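> Compute the structure for the input listed below.
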Amino acid sequence: MAAKKINSLGGLVYSTDPNFKPSSEQEEEQESLLPAQQKLKVRLDTKHRAGKAVTLIDNFIGTTADAEELGKKLKSFCGTGGSVKDGEIIVQGDNRDKVLQWLLKNGYQQTRKI
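Predicted structure coming up:
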C-alpha cells in the first residue's frame, strides 16, 4: 500500500517545505466526438518494429475506453492483433484498405488514407 501512496505523489517521498501540498495533475479525458465528426488518418508504419508493417489510426478524439473499443472492433474485422497506445490505434499488418472500408461503413466519413 505504501507504493501506491508514493506513486500517487508522482515519486515524491519527502519535502522540507512546511506549506507544501502535492499538486494533483490529473488529465481530464476529452469526451468522444461522434463518428461523423472524427477526422481519422489511416497510415502504414514500420518504424521501430523490426521491419514489420502495422496500420496506424491517428487523431481519435475521445476517451481511452472508446479508443480501445474501436480498436477491438477493427482488429476483429481484420482478423489480426494490435493495441491502443499513446492515442494511436495499432492494427498488425497492412490492413489500410480494410480499416478504411470499415470506418467509412460505420459513419467515420472524414477518414482518409495516407
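
> Would you agree residue 60 falls within a helix?
No: assigned with DSSP: H, G, I helix; E, B strand; the rest coil, residue 60 falls outside any helix and is coil.

> quick one, phi/psi of it?
Per-residue torsions, residue 60: phi -80, psi 120 (degrees, to the nearest 10).

> So it sits against residue 90, correct?
No: in this structure residue 60 lies outside contact range of residue 90 using C-beta atoms under 8 Å: 11.8 Å. (Glycine included, C-beta is placed from N, CA and C.)

> How about the secondary structure of residue 43?
Recorded secondary structure, residue 43: strand (three-state DSSP).

> Name all residues that make contact with it.
55, 56, 58, 96, 113, 114 (C-beta atoms under 8 Å, 6 or more residues apart in numbering).

> what packs against the longest helix along the chain?
When the chain is parsed with DSSP state H, its longest helix is helix 64-78. For helix 64-78, the packing partners by 3 or more C-beta pairs under 8 Å, 6 or more residues apart in numbering; DSSP states H and E come out as strand 54-58, strand 82-85, strand 88-92, helix 96-105.

> and the gap between residue 68 and residue 93?
19 Å (C-beta to C-beta, to the nearest Å).

> Looking at those two, which has the bigger crowd around it?
Between residue 68 and residue 93, counted using other C-beta atoms under 10 Å, the more crowded position is residue 93 (16 against 13).

> so the more buried one sits right up against residue 55, yeah?
Yes: with contacts counted by C-beta under 8 Å, residue 93 reaches residue 55, the gap being 6.8 Å.

> For the spatially most central residue of the chain, which non-adjacent residue is spatially closest?
The chain has residue 87 as the residue nearest its centroid, 2.8 Å off, counting by C-alpha atoms, centre = their mean. The spatially closest residue to residue 87, leaving aside those adjacent along the chain, is residue 60, at 6.8 Å (C-beta to C-beta, 6 or more residues apart in numbering).
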